[in-house]
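In: Let me see the structure of the following:
(4 chains)
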Number of protein chains: 2
Amino acid sequence: MIASLSTHPASHSAFSSHATPLTRVGSHEHIFHEGAPAEAMFMIVNGVVVIYRTGIDGCRIIQDLRFKGEYVGVGYEENYSFSAIAVRPTVVRRIARAAVERAIDESPVTARRLLEALTLEQSRLSDRLMVIGSRTAIGRVAACFLDISSRSSGGAETFMVPISRSEMADYLGLTIETVSRAITRLRTLGIIALPRSDTVTIRDRAALQALAQDDGDGAARGRFCA
Amino acid sequence: MIASLSTHPASHSAFSSHATPLTRVGSHEHIFHEGAPAEAMFMIVNGVVVIYRTGIDGCRIIQDLRFKGEYVGVGYEENYSFSAIAVRPTVVRRIARAAVERAIDESPVTARRLLEALTLEQSRLSDRLMVIGSRTAIGRVAACFLDISSRSSGGAETFMVPISRSEMADYLGLTIETVSRAITRLRTLGIIALPRSDTVTIRDRAALQALAQDDGDGAARGRFCA
DNA sequence: CGTTAGCTTGACAGAAGTCAATTACGGTGG
DNA sequence: CCACCGTAATTGACTTCTGTCAAGCTAACG
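Out: Next up is the predicted model:
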């Protein structure tokens, strides 16, 4: 299962290791650009990558964050439909498109793994659609912190936020100011603490989850809900 | 290419026709439910299908609409991660999971088609993320009408809207009232006309596109944009 | 002809964007 | 080591948008 691929970096066994060179990517250096020929997919050995698209008007929306052990660019298309950029010093394993094609021809196992990986990505996108479509600012920020905590540090209570406020805004469909205010509110409510502006400590995980899922009071916008 | 699959219903050649029975689905009858074993995928021969998820709190978000010639349930997972419901009398061709598995084993062509189909779906989801994350109500409604026009009637200026206001609301992350007001505004601006409440005529496609893409003025929320 | 469900409209309140000013922080150079 | 600068983050005042509640309208159907 490729689901395990995303959590167990070691299991990229389908590709011979010497054919998948490691590449070092500096902070805020692109791995690939939207529209460029999709010549490879990548596995993150270390670091954090942001996947984003740019609208006609220059809008930017961050589709997803990717952490150690996760894949980037798994799609099956001529050209990348999004850009990928490292947001801190990152090492990726490059898996050439040609190698993927070969592996698909050789064995249906690879194809199934890729299908599973894509399905997983789709389900993550769909989660984000729910968060952005139905939660208020504070709920979106709560969901974001929970996500980062579980994906980047295995659910640790204190973790580093690898993206700036501006990137959080693009990720959550909010403005910088609204993100900042939501964070302040979480802090004054005692739900989180901020040892540094890029480090969060969860003090009340239940409350954070309630906000992210709208069990509680003010985290959802009434639309959608029964 | 499965991209062509979605526009040319005939090219489901990978599956023998007698193994893919036609099924009639009544309006507001489910094709499958979220969480149920994913035993088949479906191709829409005729009609319209809505794909949606239900949140813990009973929230509903409509992930996508699917029209004639498009696929439903292409994912690769044990259980469906969303529900599919016909929103008008619909005929689907059922392709059993077992048949898909067999086809994958027999030929990498099927796997590639599925990968392309999933990638296409992902790209559509990503479009919706941009619309919901960065457009105001009127922009979302504009984008929705353009989408329905092109997908359900090949870009015709007059077309039927197959979903209720309430479903539009769930689709766009808005309330019924806001959807209604946005439609009224589009009408009073002379951009669309409504011969009936479920039928739209585009009178100024350029303006509609401007609103949907935010070339213009008020369609985008400032967030995201440079 | 009345009933009902869906749609529209209005008045209001709350949430989030905008503009602007201030503060905190990190890096540079003296 | 410290002062200075520029960027990022926060905070405040205000406006706009959208959700909420409530009432009225329309149209299909019995």
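In: Up against DNA strand C, what does chain A have?
Out: The interface of chain A toward DNA strand C, taken as Cβ under 7 Å from any atom of the strand, is made up of A:136-138, A:173-175, A:177-178, A:196-197, A:218, A:221. (Each C-beta comes from the backbone N, C-alpha and C, glycine too.)
In: Please report which of these has the highest neighbour count.
Out: A:Gly173 (26 neighbours; other Cβ atoms under 10 Å in any protein chain shown).
In: Show me which helix or strand of chain A is least confident by mean pLDDT.
Out: The element with the least model confidence among the helices and strands of chain A, by mean pLDDT, DSSP states H and E, is helix A:2-7, at a mean of 38.
In: What pairs with the helix or strand following it, parallel or antiparallel?
Out: Following helix A:2-7 in sequence order, the next helix or strand is strand A:22-25 (DSSP states H and E). Within its sheet, and counting by DSSP bridges, strand A:22-25 is paired with strand A:90-96 (antiparallel).
In: Specify the local secondary structure of A:Ala169.
Out: Each residue gets one of three states, and A:Ala169 gets helix by DSSP: H, G, I helix; E, B strand; the rest coil.
In: That one and A:Thr175 touch, don't they?
Out: Yes - A:Ala169 lies in contact with A:Thr175 (Cβ atoms under 8 Å); the separation is 5.5 Å.
In: and chain A, what are its domains?
Out: For chain A, the domain assignment from automatic domain parsing gives the residue ranges A:2-130, A:136-213.
In: Would you mind listing what in chain A touches DNA strand D?
Out: Counting by Cβ under 7 Å from any atom of the strand, the residues of chain A near DNA strand D are A:164-166, A:176-177, A:179-181, A:183-184, A:194, A:197-198, A:221-223.
In: Please name the residues that touch A:Val74.
Out: Contact criterion Cβ atoms under 8 Å, 6 or more residues apart in numbering or on different chains gives A:41, A:114, A:117-118, A:121 as the residues in contact with A:Val74.
In: With secondary structure, pLDDT and neighbour count added, can I get the residues you listed in a markdown table?
Out: What follows is those, written out as a markdown table (DSSP: H, G, I helix; E, B strand; the rest coil; pLDDT from 0 to 100; neighbours: other Cβ atoms under 10 Å in any protein chain shown):
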| residue | secondary structure | pLDDT | neighbour count |
| --- | --- | --- | --- |
| A:Met41 | strand | 97 | 25 |
| A:Leu114 | helix | 95 | 28 |
| A:Ala117 | helix | 95 | 23 |
| A:Leu118 | helix | 96 | 25 |
| A:Glu121 | helix | 96 | 25 |
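In: Just say helix, strand or coil for the residue most central in space within chain A.
Out: Centroid-nearest residue in chain A: A:Leu65, 2.1 Å away (criterion: Cα atoms, centre = their mean). Per three-state DSSP, the local secondary structure of A:Leu65 is strand.
In: ok, which stretches of chain A are strands?
Out: Counting by DSSP state E, chain A has strands at residues A:22-25, A:30-32, A:40-46, A:49-54, A:60-66, A:71-72, A:83-86, A:90-96, A:158-160, A:192-196, A:199-202.
In: Within its sheet, name the partner strands of the fourth one and how each one runs.
Out: Take DSSP bridges as the rule and strand A:49-54 pairs in its sheet with strand A:60-66 (antiparallel), strand A:83-86 (antiparallel).
In: returning to that earlier point: DNA strand D: which of the contacts of A:Val74 is nearest?
Out: A:Glu121 (26.8 Å; Cβ to the nearest atom of the strand).
In: pretty sure the closest one contacts B:Ser123?
Out: No - taking Cβ under 8 Å as the contact criterion, A:Glu121 and B:Ser123 are not neighbours in contact, 11.2 Å apart.
In: just to revisit the earlier point, worst average pLDDT in the domains of chain A?
Out: The stretch with the lowest mean pLDDT among these is domain A:2-130, at a mean of 88.
In: which of the residues of chain A next to DNA strand D has the most neighbours?
Out: Neighbour counts for these peak at A:Val179, which has 25 neighbours (criterion: other Cβ under 10 Å).
In: gap between it and chain B?
Out: A:Val179 sits 10 Å away from chain B when distances are taken as Cβ to the nearest Cβ, to the nearest Å.
In: Also A:Ser152?
Out: Counting by Cβ to the nearest Cβ, the gap between A:Ser152 and chain B amounts to 21 Å.
In: Over to A:Ile138?
Out: As defined by Cβ to the nearest Cβ, A:Ile138 lies at a distance of 16 Å from chain B.
In: Please apply the same query to A:Leu120.
Out: Counting by Cβ to the nearest Cβ, the gap between A:Leu120 and chain B amounts to 8 Å.
In: What count of nearby residues applies to A:Tyr52?
Out: Burial of A:Tyr52, expressed as a neighbour count using other Cβ under 10 Å, amounts to 17.
In: Name the nearest residue to it, ignoring sequence neighbours.
Out: With sequence-adjacent residues excluded and distances taken as Cβ to Cβ, 6 or more residues apart in numbering or on different chains, A:Tyr52 is closest to A:Ile62, at 4.6 Å.
In: what's near enough to touch the one you found?
Out: Contact analysis of A:Ile62 by Cβ under 8 Å, 6+ apart lists A:50-52, A:163, A:167, A:170-171.
In: run the last query once more with 10 Å
Out: By Cβ atoms under 10 Å, 6 or more residues apart in numbering or on different chains, the contact set of A:Ile62 is A:50-53, A:82, A:85, A:87, A:128, A:163, A:167-173, B:129, B:133, B:224.
In: How about A:Arg53?
Out: By Cβ under 10 Å, 6+ apart, the neighbours of A:Arg53 are A:34, A:59-63, A:80-83, B:123, B:126-127, B:129-130.
In: List buried members of those by neighbour count.
Out: Taking 16 or more other Cβ atoms under 10 Å in any protein chain shown as the criterion, what is buried in the contacts of A:Arg53 is A:59-63, A:80-83, B:123, B:126, B:129-130.
In: Run a quick neighbour tally on the closest residue to A:Gly35 other than its chain neighbours.
Out: Beyond its immediate neighbours in the sequence, the residue positioned closest to A:Gly35 (Cβ to Cβ, 6+ apart) is A:Asn79, lying 5.4 Å away. When neighbours are counted by other Cβ under 10 Å, A:Asn79 registers 13.
In: All set now, cheers.
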